[in-house]
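> test case, fold it:
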Amino acid sequence: MRAITRTLLALSVALSAAACTQDAGNDPGQLPPGTTLALTFVSGHLGNYWDCPDEAMSLPGARAAAPDPGADISGEAGDCAEEGCGLLNCDGAMLLIQVENTGSAPVDALTARDLVIHLDPPLDSEILAITDAATGAPATTLAPGQSVQLRVDFRGPPAGDWQEQFKVEVEVVGERDGARESATSLETPPLARLSAVAT
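Down below sits the predicted model:
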């Protein structure tokens, strides 16, 4: 009798596990594979926040380096503002990424997330905008075989040593019918800050 009970219990557990597996495969938030995104780095830089330090990413206190005193800069931000020349050294960080839909299903929208700058230690940075580089509008439908240049604007590290270069890693996500369809990560070559302009 005990052997029969153990057999029935094992059969019940197996059937429950199979049902859970089937339900997981039908999760409406995870669409079946059909879209594959191929990413190619085009260009990018870490910006220049000399005249607008508040717009750079926040770093731990030990890494909040002051601008290099040996840099080729004349004047100060305050003087420049008084003379009405504006903030010459204030450019946000950005990436240009070629995104190709190499799958068999269309993509309704492209987004980016989880952007990490490989400082020491690596730190997450805030993504400010994701647009079609050609139009400046959000990147939308991408049919199979089509490609687009995606511009990703983000907060770069504050002014520091102009010779420093850091890699950036970002994940590009393709969506279909409001659900995540495909996600692919890209690591860039080492990127530099923009050169300073004398103010």
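> tell me the contacts of Glu175?
Listed by C-beta atoms under 8 Å, 6 or more residues apart in numbering, the contact partners of Glu175 are Val107, Asp108, Ala109, Leu110, Thr111, Glu181. Just so you know, the C-beta spots here come from the backbone N, C-alpha and C atoms, and that holds for glycine as well.
> tell me the predicted confidence for the last one.
The predicted local distance difference test score for Glu181 is 69.
> do the same with the fourth one
The predicted local confidence for Leu110 comes out at a pLDDT of 91.
> mean confidence score for stretch 131-146?
On average, stretch 131-146 scores 92.
> and the contacts of it?
96, 99-110, 130, 148-151, 153, 174.
> and these, which of them are in helices?
Taking DSSP state H, every one of the contacts of stretch 131-146 sits outside helices.
> can you flag the buried ones in those residues?
Neighbour-count burial (16 or more other C-beta atoms under 10 Å) applied to those gives 99-101, 103, 105-110, 130, 148-151, 153, 174.
> alpha carbons only: can I get stretch 167-184 in CSV?
C-alpha atoms of stretch 167-184 as CSV (Å, rounded to 0.1, in the frame of the first residue of the first chain):
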residue,chain,number,x,y,z
LYS,A,167,34.8,51.5,-22.1
VAL,A,168,31.0,51.7,-22.0
GLU,A,169,28.6,48.8,-22.0
VAL,A,170,24.9,49.2,-22.9
GLU,A,171,22.0,46.8,-23.6
VAL,A,172,19.7,47.5,-26.5
VAL,A,173,16.2,46.1,-26.3
GLY,A,174,13.7,45.5,-29.1
GLU,A,175,10.0,45.4,-28.2
ARG,A,176,7.0,43.9,-30.1
ASP,A,177,3.4,44.4,-29.1
GLY,A,178,4.5,46.1,-25.9
ALA,A,179,6.6,43.1,-24.7
ARG,A,180,10.3,42.6,-24.6
GLU,A,181,11.3,40.6,-27.7
SER,A,182,15.1,40.7,-27.9
ALA,A,183,18.0,42.2,-25.9
THR,A,184,21.6,42.4,-26.9
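> what residues sit buried inside that stretch?
Val168, Val170, Val172, Val173, Gly174, Glu175, Arg176, Glu181, Ser182, Ala183, Thr184.
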